[in-house]
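S.K.: Sharing a model prediction with you, sequence too.
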Amino acid sequence: MTPISSLPEARWEAVQRRDASSDGQFYYGVRSTRVYCRPSCPSRRPRRENVTFFDTPAEAEASGYRACLRCKPTEVSAGQWAVLHVQHLLDTVEPTPGLAALAGAVGLSPFHLQRVFKAATGVSPKGYALARRSERLKAELRTGASVTQALYGAGHPSARTVYDRATDGLGMSPGRYRAGGAGQTIRYAVVESVLGPMLVAATERGLVAVRFGEAEPLTAELRNEYPRATLEEDEAALRGHIEALHKHLTGRRDLALPGDTAGTAFQRRVWDALRGIPYGETRSYAEVAEMIGEPKAVRAVAQACAANPVALVVPCHRVVRTGGAPGGYRWGLERKRELLERERALAQSGT
């Protein structure tokens with residue numbers, strides 16, 4: 001399965017929609033009845049304050065909850081079995097099976113398999129295979145394998161596909177990724193902003209990080225991400241970026257700064273959509289999923305927001321829960337509230 005979202009707001013939205021694609025990804029318990037269910041349970045929706053979330057049935061039962069007799073959360077449906085079996089085939093069979101072969105293996109038509117698989121995972125079988133190939137490539141490169149060994153070990157049919165920015169998911173050349181950013185110079189600075197300490201980091205191609213927090217943890221996180229890159233603290237070299245960010249925080253709406261960030265094809269689609277949310281406005285996770293043409297991919301949209309490495313430039317703070325509650329934020333819920341209130345006030349004043 002795709003990684004389970006740990007964001008409560010994304011999970012609650014799935015429960016409100018009775019989203020079958022979230023079944024097996026998490027479970028919710030109702031405190032008033034001590035019963036736990038799958039997200040698609042047809043029972044009457046509980047009140048939000050009575051709901052708690054669990055990753056597994058075992059976790060729910062260990063907390064004193066019993067399985068719902070209507071949705072039977074411990075049983076695996078035929079659709080879930082088909083998705084799990086296809087994932088197993090995509091993970092283990094070389095060369096990667098095509099859609100027709102996968103459909104034959106689970107007794108479904110290609111069209112129906114495509115629909116069931118996408119509803120459950122948020123991506124097509126092909127998209128899942130590409131993501132897994134990217135993960136294998138990264139693992140191979142981290143072990144020190146040569147680029148050639150890594151690309152064939154990960155399942156790339158040729159050198160061309162590993163350098164294709166639409167499918168690599170690396171955000172840099174394979175050689176540089178293998179070297180942990182070796183050969184790259186990343187200049188960074190931690191400066192004060194109206195939202196507290198802000199780390200800004202960039203290569204010669206563009207920004208790799210804009211983050212909020214405390215200086216020492218922010219710098220340590222950057223070093224862990226690029227262990228072999230040359231990191232230089234150089235506020236003067238970043239003056240243009242920093243001034244643009246400060247002006248944006250105090251009312252200038254446009255923020256067109258170049259980026260040099262890694263991300264999957266799906267994450268880039270989400271991040272591009274976020275840039276289209278007007279200053280002073282918000283959209284829900286479900287609305288963003290609609291914007292990219294993936295209405296059932298609410299969970300994956302929330303994950304892409306949480307993975308955003310460049311705050312403000314990609315305005316993930318403008319994505320909120322259905323109903324308008326602010327929801328989570330990688331750099332702190334209070335900071336998100338302040339940022340939204342600041343933007344709303346500046347937009348209303350016409351600044």
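M.R.: Yes, it's here.

S.K.: which non-adjacent residue is nearest Pro73?
M.R.: Closest residue to Pro73 apart from its sequence neighbours, by Cβ to Cβ, 6 or more residues apart in numbering: Arg38 at 4.4 Å. To be clear about C-beta, it is placed using only N, CA and C from the backbone, and glycine gets the same treatment.

S.K.: How much space separates that neighbour from Gly213?
M.R.: Taking Cβ to Cβ, to the nearest Å as the measure, Arg38 falls 36 Å from Gly213.

S.K.: Work out for me the element the residue nearest the centre of the chain sits within.
M.R.: Taking Cα atoms, centre = their mean, the centroid of the chain lies closest to Ala304, which sits 2.2 Å from it. Using DSSP states H and E, the element containing Ala304 is helix 298-306.

S.K.: Show me how far that helix is from its chain's centre.
M.R.: 4 Å (Cα atoms, centre = their mean, to the nearest Å).

S.K.: contact partners of it?
M.R.: Residues from elsewhere that reach helix 298-306, judged by Cβ atoms under 8 Å, 6 or more residues apart in numbering: 2-5, 7, 9-11, 13-14, 17, 19, 21-22, 25, 122-123, 263, 266-267, 270-271, 274, 285-286, 288-289, 292, 294, 316, 319, 328, 330.

S.K.: Swap in 7 Å and give it another go.
M.R.: Contact with helix 298-306 is made by 2-3, 5, 7, 10, 13-14, 22, 25, 122, 266-267, 270-271, 285-286, 288-289, 316, 319, 330, as judged by Cβ atoms under 7 Å, 6 or more residues apart in numbering.

S.K.: now swap in stretch 107-123 and tell me
M.R.: So stretch 107-123 is in contact with 1-2, 20-21, 79, 82-83, 86, 99-100, 102-103, 106, 124-125, 128, 131, 266, 294, 296-297, 299-300, going by Cβ under 7 Å, 6+ apart.

S.K.: and with 6 Å instead?
M.R.: The contact list for stretch 107-123 (Cβ atoms under 6 Å, 6 or more residues apart in numbering) reads 2, 21, 79, 83, 99-100, 103, 124-125, 128, 296-297, 300.

S.K.: Could I have the CA atoms of that stretch written out in PDB?
M.R.: Listed next in PDB are the C-alpha coordinates belonging to stretch 107-123 (Å, rounded to 0.1, in the frame of the first residue of the first chain):
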ATOM      1  CA  GLY A 107      -9.400 -12.100 -12.800                       C
ATOM      2  CA  LEU A 108     -10.500  -8.500 -13.600                       C
ATOM      3  CA  SER A 109     -10.700  -6.500 -16.900                       C
ATOM      4  CA  PRO A 110      -7.900  -4.000 -17.400                       C
ATOM      5  CA  PHE A 111     -10.400  -1.100 -17.100                       C
ATOM      6  CA  HIS A 112     -11.800  -2.400 -13.800                       C
ATOM      7  CA  LEU A 113      -8.300  -3.100 -12.400                       C
ATOM      8  CA  GLN A 114      -7.100   0.400 -13.300                       C
ATOM      9  CA  ARG A 115     -10.200   1.900 -11.500                       C
ATOM     10  CA  VAL A 116      -9.900  -0.300  -8.400                       C
ATOM     11  CA  PHE A 117      -6.200   0.100  -8.100                       C
ATOM     12  CA  LYS A 118      -6.300   3.900  -8.500                       C
ATOM     13  CA  ALA A 119      -9.100   4.200  -6.000                       C
ATOM     14  CA  ALA A 120      -7.100   2.200  -3.400                       C
ATOM     15  CA  THR A 121      -3.700   3.800  -3.900                       C
ATOM     16  CA  GLY A 122      -4.200   7.100  -5.600                       C
ATOM     17  CA  VAL A 123      -2.100   6.100  -8.600                       C
END
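
S.K.: Understood, closing this out.
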